[in-house]
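[1] Below is the sequence, then the predicted model.
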Amino acid sequence: MKVKVLSRNPDDYVRETKYDIQRVPRNYDPSLHPFEVNREYTRALNATKLERVFAKPFLASLDGHRDGVNCMAKHNTSLSSLLSGSCDGELKIWNLTKRESVRTLQAHEGFVRGIVVRFCGTSFFTVGDDKTIKQWKMQSPGYGEEEEPLNTILGKTVFTGLDHHRKEGIFATCGQQVDIWDEQRSSPIRSFTWGVDSFSSIRFNPVETELLASCASDRSIVLYDMREATPLKKVVMTMRSNTLCWNPMEAYYFTCANEDYNLYTYDMRNLEQPVTVHMDHVSAVLDVDFSPTGKEFVSASFDKTIRIFPKDGGHSREVYHTKRMQHVICIKWSADNKYILSGSDEMNIRLWKANASEKLGVLAHREREATNYNQKLKEKYQHHPRIKRIARHRHLPKPVFHQSKELRVMREARRRKERNVRKHSKPGSVPVVTERAKHVVTVVK
């Protein structure tokens, strides 16, 4: 007589642990799980709370400068390298992995106004208050060699900004005018002026590499094409812009940091009004930099805080501050999208996590899956009032908190006054002006 024996593989019903815990088979039919939403909501709430508990963004402080940090530059090919220039003309190259300075040189007399690394990463350029442009080797000089620049160009006026072309040996400077330089020549190959006293910032477009944009002292943002003899067009705003940054993924969009506490994202094809107005700072915004994904950008402000904004969001998703940090002058987002670097008035460069609660280092497979699952839950229930309140809540320094409250009251008073004027005026005589249109004076082509 034959006897049929049932045999099963233990891997199908025993968990992957050292204990023989029975694996519970699960049926995913939604009709069999009437309390699924309740369970998921509780998990989303717990995940949101844990995210705030583990939000510790500050990583390290790079000490070494003897004066305020005025400008910084990322290396194009090395994630661990950072260049910084201070107000006493000193330039330092940092190794971010070891968190220490690997090279120090006296680059200029007076402020270092701009640093940019050549597209191939073998050398870098600096400009300063001593009216010079200097090119330096990226590698340290050998034993017995003196620290000398590869090339020095003496200009007629002080240079206030600098940027390098992404693919060719061409760089641009700004001061009393915008100059385009060839690395092989000691005089500019093209100069642009448009009835402006001075320019504070110049940026090449990383996608459409022939385009440039600059911020001018007459409250305007001017666009240029290197192939043209004259500037393309400019938009004049109600207050001056300090600097701007192009979106590295969308060629036509750029964001400018303004003196009126806001940031403005523009589409260069239509400068009549900004695409988005980003509010939250309570003092002048001094610097801005996009993440390499183009989905977010980080801003540095005179109010001693750093804020991270979604590219199309009116308010920041994150605010970073420390008790000792003073006015934040310059900001950079690392090329691997994980870190933010800030340079401030009190001689420190600080390293922050781009995602405050992210766990650094190698994650186990199950840990990564749990993180992704929690992230999806938070996205699914993000508009629930309780979860939204916990996710949005941030502790602010007392001066920033009181000033933001005061600004809210002032904005509401202006809106109320405008409504009353419109209500007691002839219909149509007081038009409704949107928040985006309020800040643009004119567009000149």
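    Cool, the structure landed. Remember, predicted model here, so these are calculated numbers, not experimental data. Numbers count the residues shown, from 1 in each chain.
[2] which regions of this protein lie under the pLDDT threshold?
    13-24 (pLDDT under 70).
[3] residue boundaries of the helices in it?
    For the chain, helices defined by DSSP state H occupy the ranges 36-53, 365-380, 385-392, 398-423.
[4] Any buried residues in the third one, and which?
    For helix 385-392, the neighbour count (16 or more other C-beta atoms under 10 Å) marks 387, 391 as buried. Glycine gets a C-beta too; all of them are placed from N, C-alpha and C.
[5] try the longest one
    Neighbour-count burial for helix 398-423, with 16+ other C-beta under 10 Å as criterion, is recorded at 400, 403-404.
[6] check contacts around Ser344.
    Neighbour list for Ser344: 68-69, 304, 325-329, 350 [criterion: C-beta atoms under 8 Å, 6 or more residues apart in numbering].
[7] ok, of those residues, which come out buried?
    Those of those that meet the buried threshold are 68-69, 304, 325, 327-329, 350, by 16+ other C-beta under 10 Å.
[8] Tell me which of those residues fall in strands.
    Secondary structure defined by DSSP state E assigns 69, 328-329, 350 of the buried ones among the contacts of Ser344 to strands.
[9] Quick check: the farthest pair among these?
    Spanning the widest gap among those are Ile329 and Arg350, at 12.0 Å by C-beta to C-beta.
[10] so who does Ile387 touch?
    Counting by C-beta under 8 Å, 6+ apart, Ile387 touches 44-45, 48, 378, 381.
[11] again, only this time at 7 Å
    For Ile387, the contacting residues are 44-45, 48, 381, by C-beta atoms under 7 Å, 6 or more residues apart in numbering.
[12] Surely Ser140 touches Thr104?
    No - between Ser140 and Thr104 there is no contact, the gap being 10.2 Å when judged by C-beta atoms under 7 Å.
[13] residues in contact with Ala172?
    Applying C-beta under 7 Å, 6+ apart, the residues near Ala172 are 163, 178-180, 202, 204, 212.
[14] in the sheet, who's paired with it?
    Note on Ala172: beta-bridge partners by DSSP bridges are Asp163, Ile180.
[15] how close does it sit to Ile189?
    According to C-beta to C-beta, to the nearest Å, Ala172 and Ile189 sit 10 Å apart.
[16] Overlap in contacts, these two.
    Taking C-beta under 7 Å, 6+ apart as the contact criterion, the common neighbours of Ala172 and Ile189 are Ile180.
[17] what about stretch 53-64, how long is it end to end?
    End-to-end distance for stretch 53-64: 32 Å, by C-alpha to C-alpha, to the nearest Å.
[18] Please disregard the earlier target; I meant stretch 173-189.
    Its start and end residues considered, stretch 173-189 measures 12 Å (C-alpha to C-alpha).
[19] Numbering from 148 from now on, please.
    Taking 148 as the first residue, the last one we looked at is stretch 320-336.
[20] buried set for that stretch?
    Under 16+ other C-beta under 10 Å, the buried positions of stretch 320-336 are 320-328, 330, 335.
[21] Let me have those residues in CSV, extended by distance to Val466.
    Shown next, in CSV, are those (distance: C-beta to C-beta, whole Å):
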residue, distance to Val466
Thr320, 34
Cys321, 31
Gly322, 34
Gln323, 37
Gln324, 37
Val325, 34
Asp326, 38
Ile327, 38
Trp328, 39
Glu330, 41
Pro335, 41
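[22] Just flag the most distant two among those.
    Top of the distance list for the buried residues of stretch 320-336 (C-beta to C-beta): Gln323 and Glu330, 22.1 Å.
[23] who touches stretch 583-592?
    Contacts of stretch 583-592 (C-beta under 7 Å, 6+ apart): 380-385, 411, 418-421, 424.
[24] quick one: that stretch to chain centroid distance?
    How far stretch 583-592 lies from its chain's middle: 24 Å, per C-alpha atoms, centre = their mean, to the nearest Å.
[25] which parts of that stretch are buried?
    Buried positions in stretch 583-592, judged by neighbour count with 16+ other C-beta under 10 Å: 583, 586-587.
[26] How about the contacts made by Glu256?
    Contacts of Glu256 (C-beta under 7 Å, 6+ apart): 236, 276-277.
[27] burial measure for the closest residue to Ser287 other than its chain neighbours, as a count.
    With sequence-adjacent residues excluded and distances taken as C-beta to C-beta, 6 or more residues apart in numbering, Ser287 is closest to Arg250, at 5.2 Å. Using other C-beta atoms under 10 Å, Arg250 is surrounded by 16 other residues.
[28] returning to what we had before: kindly present the ones in strands among the buried ones among the contacts of Ser491 as JSON lines, with separate columns for distance to Leu243.
    As requested, these are exported to JSON lines (distance: C-beta to C-beta, whole Å):
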{"residue": "Val216", "distance to Leu243": "15"}
{"residue": "Val475", "distance to Leu243": "18"}
{"residue": "Ile476", "distance to Leu243": "19"}
{"residue": "Arg497", "distance to Leu243": "12"}
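[29] ok so, going back, for the buried ones among the contacts of Glu256, write the corresponding ChimeraX selection.
    One line in ChimeraX is enough to select the buried ones among these; burial here means 16+ other C-beta under 10 Å:
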select :236,276,277
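[30] and the contacts of Glu256, which of them are in strands?
    Using DSSP E, no member of those falls within strands.
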